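Chemist: fold the following.
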Amino acid sequence: MSYSTERPNNSIRIRTVGLVLFLIVMFFIIFYYTKRSVDDRGYDWVKDNRYIVHALGGIDSDSYTNSREALLNSYEKGGRVIEADIEYTSDGELVLIHNWKKKTLRDVLGYETDRDEEALGLEEFKKRKIYGKYSTMTFRELMEFMGEHEDMMLVLDGKYEERDDVLMEYGDILKIADEYGEDIKDRLIPQIYNEEMYDVIMELNDWKSVIFTWYKLDQDTLDPEEIFEFCDQHDIRVCTMEDSRENPLIDRTASKYGISIYVHTVNDEAQRDRLFDSGVAGIYTDFLF
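Modeler: Below you'll find the predicted structure:
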C-alpha cells in the first residue's frame with residue numbers, strides 16, 4: 001500500500017509561508033515603533049513643560065515685549081520652553097518683535113510712522129525702549145543667552161510662509177545658532193503654519209521637534225483629523241490651536257495619533273484649569289507659568 005505525501009507537503013508549505021508573512025509583519029511593526037520611539041525623543045520636553053512662555057513672557061502687567069527683562073524674569077521663574085517672535089530689520093538683522101505694524105511701532109516702541117508697516121533699521125531698533133522701559137533684543141543676543149543656559153528650549157515664531165522667505169529666515173537662524181553653541185539648534189523648535197512649510201524647513205535641518213500651529217489656517221475648512229494624519233506621518237507630535245468648545249473632542253482625536261495639544265494664549269487661571277481638565281497637554285501663556 002502506498003501513501004500520498006502531497007497533503008503534508010502542502011501543509012508544511014502553507015505553515016512556512018504563514019511564518020514568513022508573520023515575521024515580515026512583525027519586522028515592520030517593530031521597525032515602525034522603534035523609529036517612532038527614536039524620533040519622539042525630541043519631544044521629551046512635552047512631559048515636563050505644560051507651559052510655553054509666550055513672547056519671552058509677560059513682565060509686570062506687560063505682554064508681547066520680547067524684551068531682555070522679560071526673558072530674565074521668565075527664566076528666573078522657571079520658564080524653560082520659551083517662545084519668541086522673530087523679524088528682520090530693514091538692514092537684514094534678525095530681532096525680536098511681534099511685527100512692524102504701525103500700531104506696534106507706536107504703542108510698543110514709541111515710534112511714529114505714516115506707513116501701515118515699516119521695518120526699522122538695527123540701530124534705530126536698538127536705541128528704542130519697549131513701553132519706554134524694557135530693552136530690545138536681537139536674535140544673536142538670544143542665542144548668546146541660550147549658549148549660557150543649556151536647559152532652555154526656544155519655540156520659533158517666524159513670520160514667513162513663502163518658500164524663499166522661510167529658507168532665508170531659517171537658514172539665518174541656524175547659521176547664527178551655530179555661532180553660539182553646537183547643541184543650540186537641537187533646542188530650537190520651529191512652528192509650521194501649513195503642510196508645505198514642513199518640507200521647506202526640513203531641507204535645512206533635521207529638527208528634533210516641530211510644532212504645527214493652526215492660527216493661520218482657514219478655521220472654517222480645516223480638518224483636524226487630516227492634520228493629525230499628516231503630523232503622524234511626519235512624526236510631528238505637538239499641535240497648537242486656539243481655545244474653543246471643540247478642544248476636548250479634538251484632543252481625544254489627537255490622542256489616537258500620540259499628538260499633544262497646546263492652546264494659546266491663556267492668562268486666566270480658570271480657563272487654564274478647564275483646559276487641563278479637558279485633557280490638553282499645555283498652554284502658551286504670558287504670566288501663569
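
Chemist: any idea how far apart the tips of stretch 225-240 sit?
Modeler: 14 Å (C-alpha to C-alpha, to the nearest Å).

Chemist: report the rounded mean pLDDT for it.
Modeler: For stretch 225-240, mean pLDDT is 97.

Chemist: how about stretch 101-110?
Modeler: Here the average pLDDT along stretch 101-110 is 98.

Chemist: for it, buried residues please.
Modeler: Lys101, Lys102, Leu105, Val108, Leu109 (16 or more other C-beta atoms under 10 Å). C-beta: built from backbone N, CA, C; applies to glycine.

Chemist: what's the answer for stretch 129-147, then?
Modeler: For stretch 129-147, by 16+ other C-beta under 10 Å, it's 130, 134-139, 141-147.

Chemist: any chance you could map the strands in the stretch 101-250 of the chain?
Modeler: Applying DSSP state E, counting those that start in this stretch to the stretch 101-250 of the chain gives strands spanning 129-130, 134-135, 153-157, 188-192, 211-213, 238-242.

Chemist: what's the closest of the buried residues of stretch 129-147 to Ile86?
Modeler: Phe139 (6.0 Å; C-beta to C-beta).

Chemist: gap between stretch 260-273 and the chain center?
Modeler: 16 Å (C-alpha atoms, centre = their mean, to the nearest Å).

Chemist: for it, which positions count as buried?
Modeler: Ser260, Ile261, Tyr262, Val263, His264, Thr265, Val266, Arg272.

Chemist: partners of the helix or strand hosting the third one, with directions?
Modeler: Spelled out, that is Tyr262. For Tyr262, the host element (DSSP states H and E) is strand 260-264. Take DSSP bridges as the rule and strand 260-264 pairs in its sheet with strand 238-242 (parallel), strand 282-285 (parallel).

Chemist: after it, which helix or strand is next?
Modeler: helix 269-278.

Chemist: and that next one with strand 260-264, angle?
Modeler: Angle of helix 269-278 versus strand 260-264, following axes from the mean of the first three to the mean of the last three C-alpha atoms, to 10 degrees, is 170 degrees.

Chemist: how long is stretch 185-196 from one end to the other?
Modeler: 22 Å.

Chemist: can you put the buried residues of stretch 129-147 in TSV and add pLDDT?
Modeler: As requested, the buried residues of stretch 129-147 are exported to TSV (pLDDT from 0 to 100):
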residue	pLDDT
Ile130	98
Tyr134	98
Ser135	98
Thr136	98
Met137	98
Thr138	98
Phe139	98
Glu141	98
Leu142	98
Met143	98
Glu144	98
Phe145	98
Met146	98
Gly147	97
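
Chemist: give me the subset of these that lies in helices.
Modeler: Members of those lying in helices (criterion: DSSP state H): Phe139, Glu141, Leu142, Met143, Glu144, Phe145, Met146, Gly147.

Chemist: list the contacts for the nearest residue to the fourth one once chain neighbours are set aside?
Modeler: In this case it means Met143. Among residues not flanking Met143 along the chain, Tyr180 sits closest, at 4.1 Å (C-beta to C-beta, 6 or more residues apart in numbering). Neighbouring residues of Tyr180 by C-beta atoms under 8 Å, 6 or more residues apart in numbering: Arg140, Met143, Glu144, Met146, Gly147.

Chemist: ok, those vs Tyr43, which is closest?
Modeler: Using C-beta to C-beta, those come closest to Tyr43 at Met146, 18.9 Å.

Chemist: and the helices in the stretch 1-150 of the chain?
Modeler: 6-39, 44-48, 68-76, 102-109, 122-127, 139-148 (DSSP state H, counting those that start in this stretch).

Chemist: weakest of those by average pLDDT?
Modeler: Minimum mean pLDDT among the helices of the stretch 1-150 of the chain: helix 6-39, a mean of 54.

Chemist: per-domain residue ranges of this protein.
Modeler: Residue ranges for the domains of the chain, per automatic domain parsing: 1-42, 43-285.
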